[in-house]
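Q: next input, structure requested:
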Amino acid sequence: MLLPAYHGNVNKPVASTLAALITIATLSACAETPPDFDLAGRTFTGHVISVDGVNTPAANGSTIAVTFTDDAISVNAGCNTLFAQAQWNDSAITVADDAVASTMMACDAQLMQQDQMLSEFLTSDPQWEVEGTELTLTSGSTSLILVEQ
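A: Numbers count the residues shown, from 1 in each chain. Model (predicted):
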């Protein structure tokens, strides 16, 4: 059914109410980490690395586990465990470039490459955001989408 075109003045209270509803809907659709959310004491896991918007499964079907303590972060993705002193504010995680330590197990080449990528990712000051139980870490065009355990 086609509605006739309306060429008159729009009722201003209706227009104002409509504009307010659109603004509220738009703002509520935006993901925002709760202001009192703390990463410490939490573990998140995932199976996908997104690069340039293309989701790629973690190497050899591995699970990426990221654990936060009061002042540190550890990551295990099927081979070595990476760990470092870390700080985070309401938007970014900071790990010094030379601060990532690792266990030294010899693993499949793909897992070793994934460990190297994750080490570089950790020291790139990734941005973080939580929505519900989902943690998204992003640096440049690379993202990890993890779920709290």
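
Q: now residue 115: which helix or strand?
A: Taking DSSP states H and E as the definition, one finds residue 115 inside helix 109-122.

Q: just checking, next helix/strand downstream of that helix?
A: Reading on from helix 109-122 to the C-terminus, the next helix or strand found by DSSP H and E is strand 127-131.

Q: next SSE downstream of that following strand?
A: Assigned by DSSP H and E, the successor of strand 127-131 is strand 134-139.

Q: tell me which strands and helices the helix holding residue 115 is in contact with?
A: Counting by 3 or more CB pairs under 8 Å, 6 or more residues apart in numbering; DSSP states H and E, the packing neighbours recorded for helix 109-122 are strand 72-76, strand 81-85. All C-beta spots, glycine's among them, are computed from the backbone N, C-alpha and C.

Q: now these as TSV including distance to residue 53, mean neighbour count and mean pLDDT?
A: Putting these into TSV (distance: least, CB to CB, whole Å; neighbours: other CB atoms under 10 Å; pLDDT from 0 to 100) gives the following:
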stretch	distance to residue 53	mean neighbour count	mean pLDDT
strand 72-76	23	19	96
strand 81-85	25	19	95
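
Q: residue 130 is nearest to which of those?
A: Residue 130 lies closest to strand 72-76 among the helices and strands packed on helix 109-122, at 15.0 Å (CB to CB).

Q: list the residue ranges of this protein that fall below the pLDDT cut-off.
A: 1-36 (pLDDT under 70).

Q: including distance to residue 124, could the helices and strands packed on helix 109-122 go into CSV?
A: Shown next, in CSV, are the helices and strands packed on helix 109-122 (distance: least, CB to CB, whole Å):
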stretch, distance to residue 124
strand 72-76, 13
strand 81-85, 13
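
Q: for residue 97, find the nearest of those.
A: Evaluated over the helices and strands packed on helix 109-122, closeness to residue 97 peaks at strand 81-85, with 10.0 Å, by CB to CB.

Q: now residue 110. Nearest residue, chain neighbours left out?
A: Closest residue in space to residue 110, ignoring its immediate chain neighbours: residue 59 at 4.0 Å, by CB to CB, 6 or more residues apart in numbering.

Q: got the phi and psi for that neighbour?
A: phi -50, psi 140 (degrees, to the nearest 10).

Q: give me the neighbour count for it.
A: Neighbours of residue 59 under the rule other CB atoms under 10 Å: 21.

Q: now do the contacts for it.
A: Shown in contact with residue 59 (CB atoms under 8 Å, 6 or more residues apart in numbering): 77-78, 108, 110-111, 113-114.
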